[in-house]
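Q: Here is the input, now give the coordinates:
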Amino acid sequence: MAENIQLPNFNLNPHAPLLIVISGLSGAGKDTVVQRMKQRQIPFHFCVTATSRAPRDGEIDGVDYHFYSKEEFERMITDNELIEHAIVYEQYKGVPKKEVDEALASGEDVIVRVDYQGAASIRELYPHAVLIFLMPENEDTWRRWLTDRKQDTQKQLEIRRKLALIEIQAAQTYFDYLVTNYDGDIDRAVDAVICIIKAEHNKI
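A: Below is the predicted model:
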């Protein structure tokens, strides 16, 4: 006679919300990937990054970034209102804690777009966060993208180029996935990110 075996109470929830961090080299296409995911109606809550820099032409407060003065940003740091913050290219950047926690509590996947320093900080607070690093296919393409967008001074371009090696090394230390953004084929990168999210939802 077979013994009656009592199975444990498994708590497997493939639909538990994910915190997805998209990072990468400056100009590698992070914003474009997120925007294309929105256009394709992939369900997620995008947490807008806060910054102390002034808006660039065409940028909208609350859509592209939350724009704050340096003084207001420092107050937010003091009051522990950010899950991460850093000085990037001589400007403050950070992710509002309240927005992330409320979206996760509602059951939504959350995507945040941060630099490599921010990703490392988020990993400490949210150990199960999924960290994705976006890379251009080669250096020549990356340099052309930086130059063509005409958003940086020559000094800022040089700073970005010097930091690139540090960022790539950090990707090997902190990140779970590397996604290549091929020139003229943004949907290939988006498809890779979507596959990662689907796989993570089914991970035990």
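Q: Contacts for the lowest-mean-pLDDT helix or strand in the chain, please.
A: Of all the helices and strands that make up the chain, helix 139-148 has the lowest average by mean pLDDT, DSSP states H and E, namely a mean of 73. For helix 139-148, contacts defined as CB atoms under 8 Å, 6 or more residues apart in numbering pick out 25-29, 136, 152, 157, 160-161, 164, 183. To be clear about C-beta, it is placed using only N, CA and C from the backbone, and glycine gets the same treatment.
Q: got the contact list for the residue nearest to residue 129 when sequence neighbours are not counted?
A: Among residues not flanking residue 129 along the chain, residue 19 sits closest, at 4.3 Å (CB to CB, 6 or more residues apart in numbering). By CB under 8 Å, 6+ apart, the residues touching residue 19 are 100, 104, 109-110, 112, 122, 126, 128-130.
Q: What are the phi and psi values at residue 19?
A: phi -100, psi 110 (degrees, to the nearest 10).
Q: Just the pLDDT at it, thanks.
A: Residue 19 carries a pLDDT value of 96.
Q: Tell me what it is bridged to.
A: On the basis of DSSP bridges, residue 19 takes part in beta bridges with residue 110.
Q: how near is it to residue 26?
A: Using CB to CB, to the nearest Å, we find residue 19 at a distance of 22 Å from residue 26.
Q: Check which helix or strand residue 160 maps to.
A: Per DSSP states H and E, residue 160 falls inside helix 154-174.
Q: who touches that helix?
A: 23-27, 89, 115-117, 119-120, 123, 131, 133, 135, 142-143, 146-147, 152, 178.
Q: cool, and stretch 24-36?
A: Stretch 24-36 has contacts (CB under 8 Å, 6+ apart) with 22-23, 46, 64, 89, 111, 113, 115, 133-136, 142, 145-146, 149, 160, 163-164, 167-168, 171, 181, 186-187, 189-190, 193.
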